[in-house]
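Chemist: predicted coordinates and the sequence they were generated for:
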Amino acid sequence: MKKKKHLIVPVFVSHEGCPYRCSFCDQVKITGTEKKTDRNKLRETLRTHLEGLDRNQLPERRELAFFGGSFTGIPLERQEYLLSSVQPWILSGEIQSIRVSTHALFIDDVRLSMLTKNHVETVELGIQSTDHEVLKLVGRECPFDVIQSAVSKIRERGFRLGLQLMPGLPGDNEHKFQKSVKDVIGLGPDFVRIYPTLVIKNTGLFDMYQQGTYTPWNLERMIEAVKEAVVQFEKAGITVIRVGLHPDQSLLQNYIAGPFHPAFRYLVDSRIARERMIKMIRALKQVPLSVTFRVPARRVSIYLGHKRENLSVIKNIFGLDSIKLQQDTTENHLELVA
Ligand code: SF4
């Protein structure tokens, strides 16, 4: 069996420490219906994920991640309780690091010291948008200078920094989203995640959708917007580690509307590949009737596009008789060979 590279043990602290009632978030209504994570539950989660792993075949990176709330907004004693519960696994080397998701409002020296002491390596901040109006409409107002100051403190302490964006929230548009992308690039994170806004059952957004006061973006609009964002992040040397929500059972059961596709990242990457090919053909002095591209073998399906759509679109644009892809052993090299 192929060795897994990265193991993430997810631990949910649903809505704990949370200052808001963000309209897109289903954690709000989950709260109160779920038993809080305690030491036993945590131990059980760790056992479930670690038991059965071949000790000689352990994934290279093994991380525990606290999801679902604003971790550093949780009272300090409880943060200490949760983090200290993981330490036996850190000391034994079974878990190498901890990741927390939180909000910029709850970043200060005391909290960051607590994270450092307990082997937290990565701090992720949910930014969602840097547009004041969008944040206000979703019930999540936060001045940008608060985010900037939190980011500086996280950086000074040497944590890995992740930032999250959510295009398509109420009041959002392409211009505002690209401005958010630019702002996030300016903050210099190690990585970003982009979650297209979906309407999920039991959220404020669901109520707005039912009342007709919120219309989600369609799939095509979202692919175009996210494509542009990914290009900008890549240009800036920032890794986009996730695009689109993971199509897990809970999402599939609660999804109501919006630009969901189980292979959303693939659709975005294919669109980027298509545009790279178009740009190369446009740069030719004279467009021939047939063209051949040499593409990295492991990315052929991305260049072909969904149902070979990229080839047919390019053929139509330039009136080509044929377009072929030749496989190459390079990692990311694209070349127009004929
Ligand atoms: S998105 Fe985060 S801050 Fe907003 S309600 Fe959900 S858990 Fe709280």
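Modeler: All right, it came through fine. Numbers count the residues shown, from 1 in each chain.
Chemist: any stretches of the stretch 201-338 of the chain with poor pLDDT?
Modeler: The stretch 201-338 of the chain contains residues with pLDDT under 70 at 338.
Chemist: quick check, residue 192 in a strand?
Modeler: Yes - Residue 192 forms part of a strand when assessed by DSSP: H, G, I helix; E, B strand; the rest coil.
Chemist: and it, what does it touch?
Modeler: For residue 192, the contacting residues are 162-165, 184, 233, 238-241, by C-beta atoms under 8 Å, 6 or more residues apart in numbering. (Each C-beta comes from the backbone N, C-alpha and C, glycine too.)
Chemist: break this structure into its domains for me.
Modeler: Using automatic domain parsing, the domain ranges for the chain come out as 6-262, 273-336.
Chemist: of all those domains, which one is nearest the ligand?
Modeler: Proximity to the ligand (C-beta to the nearest ligand atom) singles out domain 6-262 among the domains of the chain, at 3.0 Å.
Chemist: quick one on the thing from earlier: any chance of the domains of the chain in TSV with distance to the ligand as columns?
Modeler: Shown next, in TSV, are those (distance: least, C-beta to the nearest ligand atom, whole Å):
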stretch	distance to the ligand
domain 6-262	3
domain 273-336	31
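Chemist: deepest of those, which one?
Modeler: domain 6-262 (a mean of 17; mean count of other C-beta atoms under 10 Å).
Chemist: beta partners of the residue positioned nearest the centre of the chain?
Modeler: Among the residues of the chain, the one closest to the centroid is residue 193, at 2.3 Å (C-alpha atoms, centre = their mean). Listed by DSSP bridges, the beta-bridge partners for residue 193 are residue 164, residue 242.
Chemist: same thing with residue 61?
Modeler: Beta-bridge partners of residue 61, as defined by DSSP bridges: residue 6.
Chemist: look up how far residue 51 lies from it.
Modeler: Separation of residue 61 from residue 51 (C-beta to C-beta, to the nearest Å): 19 Å.
Chemist: kindly report the same for residue 88.
Modeler: 15 Å.
Chemist: same check on residue 161?
Modeler: Distance, residue 161 to residue 51, using C-beta to C-beta: 32 Å.
Chemist: what's near enough to touch residue 104?
Modeler: Counted by C-beta under 8 Å, 6+ apart, residue 104 has contacts 125, 127, 142, 146-147, 149-151.
Chemist: looking at those residues, which is nearest residue 306?
Modeler: Using C-beta to C-beta, residue 127 comes nearest to residue 306 of these, at 29.9 Å.
Chemist: please name the nearest non-neighbouring residue to the closest one.
Modeler: residue 163 (5.2 Å; C-beta to C-beta, 6 or more residues apart in numbering).
Chemist: cool, and residue 71?
Modeler: In space, residue 71 is closest to residue 100, 3.9 Å off (C-beta to C-beta, 6+ apart).
Chemist: which pLDDT value does the model give the one you found?
Modeler: Per-residue confidence (pLDDT) for residue 100: 97.
Chemist: may I have the beta-bridge partners of it?
Modeler: The partner residues for residue 100, given DSSP bridges, come to residue 66, residue 123.
Chemist: and the nearest residue in space to residue 95 that is not next to it in sequence, which helix or strand is it part of?
Modeler: Ranked by C-beta to C-beta, 6+ apart and with sequence neighbours excluded, the top spatial neighbour of residue 95 is residue 89, at 4.1 Å. Assigned by DSSP states H and E, residue 89 belongs to helix 76-92.
Chemist: same thing with residue 327?
Modeler: Using DSSP H and E, residue 327 sits within strand 322-328.
Chemist: mind giving me the packing neighbours of that strand?
Modeler: strand 290-296, helix 300-304, helix 309-318 (3 or more C-beta pairs under 8 Å, 6 or more residues apart in numbering; DSSP states H and E).
Chemist: do a quick rundown of the helices in the chain.
Modeler: 27-30, 39-50, 76-92, 109-117, 132-137, 144-156, 174-187, 204-211, 219-235, 249-254, 264-282, 300-304, 309-318 (DSSP state H).
Chemist: distance to residue 335 for the ones you listed - can I get that in JSON lines?
Modeler: Output for the helices of the chain, formatted as JSON lines (distance: least, C-beta to C-beta, whole Å):
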{"stretch": "helix 27-30", "distance to residue 335": "47"}
{"stretch": "helix 39-50", "distance to residue 335": "43"}
{"stretch": "helix 76-92", "distance to residue 335": "47"}
{"stretch": "helix 109-117", "distance to residue 335": "46"}
{"stretch": "helix 132-137", "distance to residue 335": "41"}
{"stretch": "helix 144-156", "distance to residue 335": "38"}
{"stretch": "helix 174-187", "distance to residue 335": "28"}
{"stretch": "helix 204-211", "distance to residue 335": "45"}
{"stretch": "helix 219-235", "distance to residue 335": "19"}
{"stretch": "helix 249-254", "distance to residue 335": "39"}
{"stretch": "helix 264-282", "distance to residue 335": "8"}
{"stretch": "helix 300-304", "distance to residue 335": "12"}
{"stretch": "helix 309-318", "distance to residue 335": "15"}
